[in-house]
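In: what shape does this take:
(4 chains)
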There are 2 protein chains.
Amino acid sequence: MSPRVADQDVRDGLLEAGARLLAREGPAALTTRRLAAETGTSTMAVYTHFGGMDGLRQAVRAEGFTRLTGYFEIVETTDDPVSDLSAMGWAYCFNAVANPQLYRAVFLEPPIGEEDVALGRAAVQRPIDTIARCIEVGRFDPAEPESLAVQVWVAGHGMITGLLAHLLTLDEVIESFSAMGRNLFVGFGDDPGKARRSIESAQERMRDQAPSAD
Amino acid sequence: MSPRVADQDVRDGLLEAGARLLAREGPAALTTRRLAAETGTSTMAVYTHFGGMDGLRQAVRAEGFTRLTGYFEIVETTDDPVSDLSAMGWAYCFNAVANPQLYRAVFLEPPIGEEDVALGRAAVQRPIDTIARCIEVGRFDPAEPESLAVQVWVAGHGMITGLLAHLLTLDEVIESFSAMGRNLFVGFGDDPGKARRSIESAQERMRDQAPSAD
DNA sequence: ACGGTACCATAACACTGCTATGCAATACTG
DNA sequence: CAGTATTGCATAGCAGTGTTATGGTACCGT
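Out: So this is what the prediction gives:
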């Protein structure tokens, strides 16, 4: 199929340039001719490697998922799973704020293929495991971790998209983040005081992981 | 400025055709030439009336806000403000499911002009008033209604966008809708039993307001 | 009735994704 | 090792896009 090494180089170059162009100049900059100029090839390379712009966008989308997984992994596991979960929430926000255009492409565009949905669900596996741990140690009442994860993700995703559309300010997001976290965690069964302290400790843990423009 | 009546007719025709094309065939169908063909004029009409495609898209956006306001207004005010608030949540979802492309254009695109943000905040005035009523009658603890409204909107918006991106299923949305509502309302100070009953009554009230394709 | 103005139809420009064609270099095959 | 087959990309072109410049035309105020 793809025996030569140089082919993979061109493919990776297009993917890297695509993610970079999208992140820095927005979706309008993601054109075949621009990609050809950036990678020193021609527009046809996009078709041989991705079948067209839609295919390349889908690949960039997958790249965004893996980048998100990376953000989740910088959160270390402690003996306070609620704090870990909150920290992942902040990591999620940092990823979105650091790469807003990529976040848009990944989570707001309608999926080209169904395999993207599978990729997305795989990316949130670690938060789901953390929620399961919250249940195991008795912080949350027994429940389906996936069901709780949906609520947590909805809260984070809703805040991020509201922020990206300029319908919420950053201050509102920060305030709501803590408030919604408390309300949800207490609703899940956690003690109000413990929930508040876990959320604050997460904020402390993530303070130095400030978002850096990519 | 605009003395003749026919001018307004052309403007309204473009706007109506724009909203219809966007709703039925998606953003790709929203082109100058297509609009010209639909309204029986030429591409220049878009420029005289809206200054370009961006201006027309912005106008369609505003149309989407007013349509949302209309959905809120079909919810009658009762003596249970928590039920009213939940019913508006369902109305919000119905609007989004009935006009997904319009919802995308209104709430997911980055705002062209800041006046759109003001329009959006005006559209959610009625839910905010309802939250204020929840506080007045003692169902919610004293708080800034806007602060609580942000959390409610974030929950609804997050679920809708997750649904539109095929990252959530309709079943997940319906389940989460009730669960998040309960968790948030109880966090706001409501009695768990009362919250549950109000949400269920809202679901009952809105049962016949099923979303119809536009 | 006439000047002025606002509106729109026509045509063109630069740009987009995409396809057909051909060439060059690689990989298989005897 | 020679010859062929195949893969990958460069070139050029097509149909489509938003936008602009240029006219013409119908209206409005006087």
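In: now do the residue nearest the centre of chain A against residue A:149, distance only.
Out: Residue closest to the mean C-alpha point of chain A, counted by CA atoms, centre = their mean, is residue A:68 at 3.8 Å. Using CB to CB, to the nearest Å, residue A:68 is found at 14 Å from residue A:149. C-beta: built from backbone N, CA, C; applies to glycine.
In: which residues touch the residue nearest to the centre of chain A?
Out: When contacts are counted by CB atoms under 8 Å, 6 or more residues apart in numbering or on different chains, residue A:68 is found next to A:92, A:95, A:106, A:123.
In: close to DNA strand D, is the helix or strand where residue A:67 lies?
Out: Assigned by DSSP states H and E, residue A:67 falls within helix A:53-73. No - between helix A:53-73 and DNA strand D, judged by CB under 7 Å from any atom of the strand, nothing touches; the nearest distance is 12.5 Å.
In: got the residues of chain A near chain B?
Out: By CB under 8 Å from any CB of the partner chain, the residues of chain A that approach chain B are A:104, A:107-111, A:117, A:120, A:147, A:150-151, A:153-159, A:161-162, A:164-168, A:172, A:175-176, A:179-180, A:182-184, A:186-188.
In: now, of those, which are buried?
Out: When the residues of chain A next to chain B are checked for burial by 16 or more other CB atoms under 10 Å in any protein chain shown, the buried set is A:104, A:107-109, A:111, A:120, A:150-151, A:153-159, A:161-162, A:164-165, A:167-168, A:172, A:175-176, A:179-180, A:182-184, A:186-188.
In: helices or strands up against the lowest-mean-pLDDT helix or strand in chain A?
Out: The helix or strand of chain A with the poorest confidence is helix A:114-123; it has a mean of 80 (mean pLDDT, DSSP states H and E). Contact partners of helix A:114-123 among helices and strands, from 3 or more CB pairs under 8 Å, 6 or more residues apart in numbering or on different chains; DSSP states H and E: helix A:53-73.
In: got a list of contacts for stretch A:142-155?
Out: So stretch A:142-155 is in contact with A:85, A:89, A:124, A:127-129, A:131-132, A:135, A:140, A:180-181, A:184, A:188, B:154-155, B:158-159, B:162, B:168, B:172, B:175-176, B:179-180, B:183, going by CB under 8 Å, 6+ apart.
In: relative to chain B, how far out is the residue of chain A found nearest DNA strand D?
Out: Per CB to the nearest atom of the strand, residue A:42 is where chain A lies closest to DNA strand D, at 2.8 Å. Counting by CB to the nearest CB, to the nearest Å, the gap from residue A:42 to chain B is 26 Å.
In: just say helix, strand or coil for that residue.
Out: Put simply, residue A:42 is coil when judged by DSSP: H, G, I helix; E, B strand; the rest coil.
In: verify the stated contact: it with residue A:36.
Out: Yes - taking CB atoms under 8 Å as the definition, residue A:42 is a contact partner of residue A:36 at 5.0 Å.
In: show me which of those two is the more surrounded one.
Out: Between residue A:42 and residue A:36, counted using other CB atoms under 10 Å in any protein chain shown, residue A:36 has the larger neighbour count: 17 against 13.
In: doesn't residue A:45 make contact with that one?
Out: Yes - using CB under 8 Å, residue A:36 makes contact with residue A:45 at a distance of 6.7 Å.
In: which stretches of chain A have low pLDDT?
Out: A:1-7, A:112-113, A:210-214 (pLDDT under 70).
In: show me where it has its helices.
Out: For chain A, applying DSSP state H gives helices covering A:5-25, A:32-39, A:44-50, A:53-73, A:81-98, A:100-107, A:114-123, A:125-136, A:145-164, A:170-188, A:192-205.
In: turn those helices into CSV, columns for distance to DNA strand C.
Out: CSV is the format used below for those (distance: least, CB to the nearest atom of the strand, whole Å):
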stretch, distance to DNA strand C
helix A:5-25, 7
helix A:32-39, 3
helix A:44-50, 5
helix A:53-73, 3
helix A:81-98, 25
helix A:100-107, 14
helix A:114-123, 17
helix A:125-136, 32
helix A:145-164, 22
helix A:170-188, 32
helix A:192-205, 41
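In: dump those to TSV, plus distance to residue B:14.
Out: Listed next are the helices of chain A as TSV, based on distance: least, CB to CB, whole Å:
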stretch	distance to residue B:14
helix A:5-25	30
helix A:32-39	31
helix A:44-50	35
helix A:53-73	29
helix A:81-98	35
helix A:100-107	27
helix A:114-123	35
helix A:125-136	46
helix A:145-164	28
helix A:170-188	35
helix A:192-205	49
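In: which of those sits closest to residue B:58?
Out: For the helices of chain A, proximity to residue B:58 was assessed by CB to CB; helix A:145-164 is nearest, at 17.4 Å.
In: now that closest one against helix A:125-136, angle please.
Out: Orientation of helix A:145-164 against helix A:125-136 (axes from the mean of the first three to the mean of the last three CA atoms, to 10 degrees) gives an angle of 130 degrees.
In: for helix A:145-164, what is the distance to the chain centroid?
Out: 11 Å (CA atoms, centre = their mean, to the nearest Å).
In: got it, and stretch A:29-45?
Out: That offset, for stretch A:29-45, works out to 27 Å (CA atoms, centre = their mean).
In: now the terminal residues of it, how far apart.
Out: The first and last residues of stretch A:29-45 sit 17 Å apart, counting by CA to CA, to the nearest Å.
In: what's next to that stretch, contact-wise?
Out: Contacts to stretch A:29-45, defined as CB under 8 Å, 6+ apart, come from residues A:10, A:13-14, A:17-18, A:20-22, A:46, A:53, A:56-57, A:60.
In: pull out the buried residues from the residues you listed.
Out: A:10, A:13, A:14, A:17, A:18, A:21, A:22, A:46, A:53, A:56, A:57, A:60.
In: quick one: which two of these are the most distant?
Out: Those two in the buried ones among the contacts of stretch A:29-45 that are separated most widely, counting by CB to CB, are A:10 and A:22, at 18.4 Å.
In: in stretch A:109-128, what's buried?
Out: Those would be A:109, A:111, A:116, A:119, A:120, A:123, A:124, A:126, A:127, A:128, for stretch A:109-128 by 16+ other CB under 10 Å.
In: surely the first one touches residue B:165?
Out: The reference is to residue A:109. Yes - assessed by CB under 8 Å, residue A:109 is found in contact with residue B:165 at 7.0 Å.
In: before we move on, back to that, which one of the contacts of residue A:68 sits in the busiest neighbourhood?
Out: Most surrounded of the contacts of residue A:68: other CB under 10 Å gives residue A:106, at 26 neighbours.
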